[in-house]
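A.B. asks: the following comprises the amino acid sequence and a computationally predicted model.
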Amino acid sequence: MKSTVVGSFPASESSPSNFKDKLLNSFGSFDPFKQAIKESVLAQLEAGVDIISDGQVRGDMVSIFTKYIPGMKIEEGNTFIVSKIRNPTKEISIDDLKYAKKVMSEYYNGNIPEGCGVKGIITGPNTIVHSSRIQGFYKNKEDAIIDLAHSLKHEVDAIAKKVEPVYIQVDEPFLSTGMVEMKTAREAIDILHDGLEIPLGMHVCGILDNAFKDLAKFNVDILDMEFAGNNVNLGVLEKNASLLSNKKVGFGCVDSSVNTVDDIKDVDELVKKAIEIVGKDNLLLDPDCGLRRAPKDVAFEKLRLMNEIKDKYS
């Protein structure tokens, strides 16, 4: 049984503090988020996380991608679709993921343990489109979703080729809302998965009693869901576990919606029940969602506690 994170970790921009950084800043080359990536990675590793993220330190889950996708624009924090969606103007997450992997390699003196590593994370086309306003070109969200899937496919393939992650995760929280046309959603994920030689995971938070059977049909290798922050999803999983016979379960076992450290007994009981339902070899432990809003010490303790439980059952 391995552990991971859904993505984000508390972080803040840094200012140039030495001559080199100040010189880089004068040329517009200083990266105010590089130190945040390093701190996020080291916190995850010190807490015992096996499959890390880069901390998603550069912004919210939508704009971090849409600001590089032609056909979309951001105004006052909102994303608008203004013309036909085309391919990204740059590789969006590659440099951060490479740096996260470098920090991890140095932490392990060049010998990252088997099954451990970094994972790539993209926000899914369904969630991005449903978080945006259509102002031009598209008459419906479904056509925009498919075009955006083709656009994001370039990022997925670049991550797979240039980072060599353990797997790639697509964040699709909107799939639990009942607002998304599931046939189109599956087609979009199929586009992202096409030709991919590493596992593809999909994270869907929220209450899943009405969506679980549809989600089980998606062409993904890992279905990641939240179980600590609500009292519904565990029963849904127990009733429908047979539908996931060909998938691993990303099991959210610490509550990311509260900024206090979880009760270890509650987490232990939750994980124990999950093992009974799907078996520990089919589980990947993680928080319910990203931890960006938590204080750093709380976020760290949530991850440390989660990995203490993981070690108990591994």
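C.D. replies: In hand now; what should we look at?
A.B. asks: so who does residue 52 touch?
C.D. replies: Contact partners of residue 52, counting by C-beta atoms under 8 Å, 6 or more residues apart in numbering, are 4, 5, 41, 44, 45, 100, 104, 117, 118, 119. To be clear about C-beta, it is placed using only N, CA and C from the backbone, and glycine gets the same treatment.
A.B. asks: how about it: what's its closest non-neighbour residue?
C.D. replies: Ranked by C-beta to C-beta, 6 or more residues apart in numbering and with sequence neighbours excluded, the top spatial neighbour of residue 52 is residue 44, at 4.5 Å.
A.B. asks: helices and strands around the helix or strand containing the one you found, which ones?
C.D. replies: Residue 44 is located in helix 34-47, with elements delineated by DSSP states H and E. With contacts defined as 3 or more C-beta pairs under 8 Å, 6 or more residues apart in numbering; DSSP states H and E, helix 34-47 has these neighbours: strand 51-52, helix 94-107, helix 296-313.
A.B. asks: deepest of these, which one?
C.D. replies: strand 51-52 (a mean of 25; mean count of other C-beta atoms under 10 Å).
A.B. asks: got the buried residues for stretch 208-215?
C.D. replies: Applying a neighbour-count criterion of 16 or more other C-beta atoms under 10 Å, one finds 208, 211, 212, 215 buried in stretch 208-215.
A.B. asks: out of these, which is nearest to residue 226?
C.D. replies: The nearest member of these to residue 226, counting by C-beta to C-beta, is residue 208 at 8.6 Å.
A.B. asks: narrow the buried residues of stretch 208-215 to those in helices?
C.D. replies: 212, 215 (DSSP state H).
A.B. asks: out of the buried residues of stretch 208-215, what pair is the most spread apart?
C.D. replies: Among the buried residues of stretch 208-215, 208 and 215 lie farthest apart (C-beta to C-beta), at 6.8 Å.
A.B. asks: show me where the stretch 51-200 of the chain has helices.
C.D. replies: Secondary structure of the stretch 51-200 of the chain, counting by DSSP state H, counting those that start in this stretch: helices at 63-66, 94-107, 125-130, 141-162, 182-193.
A.B. asks: deepest-packed of these, please.
C.D. replies: helix 125-130 (a mean of 27).
A.B. asks: show me what that helix is packed against.
C.D. replies: With contacts taken as 3+ C-beta pairs under 8 Å, 6+ apart, helix 125-130 sits against helix 141-162, helix 182-193.
A.B. asks: make JSON lines from these and add mean pLDDT to it.
C.D. replies: Formatted as JSON lines, these follow (pLDDT from 0 to 100):
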{"stretch": "helix 141-162", "mean pLDDT": "98"}
{"stretch": "helix 182-193", "mean pLDDT": "98"}
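A.B. asks: which residues touch residue 90?
C.D. replies: Residues near residue 90 by C-beta under 8 Å, 6+ apart: residue 68.
A.B. asks: please read off the pLDDT at residue 58 from the model.
C.D. replies: With respect to pLDDT, residue 58 has a value of 85.
A.B. asks: for the one 4 residues further on, same thing?
C.D. replies: You'll see residue 62 listed with a pLDDT of 92.
A.B. asks: just give me the neighbour total for residue 169.
C.D. replies: 29 (other C-beta atoms under 10 Å).
A.B. asks: ok, it to residue 110 distance?
C.D. replies: Distance from residue 169 to residue 110, counting by C-beta to C-beta, to the nearest Å: 26 Å.
A.B. asks: about what we covered before: quick check, pLDDT for the residue nearest to residue 52.
C.D. replies: pLDDT, read off for residue 44, is 98.
A.B. asks: residue contacts, it?
C.D. replies: Shown in contact with residue 44 (C-beta under 8 Å, 6+ apart): 5, 9, 52, 53, 55, 303.
A.B. asks: just put these in TSV and tack on pLDDT.
C.D. replies: Below are the contacts of residue 44 laid out as TSV (pLDDT from 0 to 100):
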residue	pLDDT
5	98
9	94
52	98
53	97
55	94
303	98
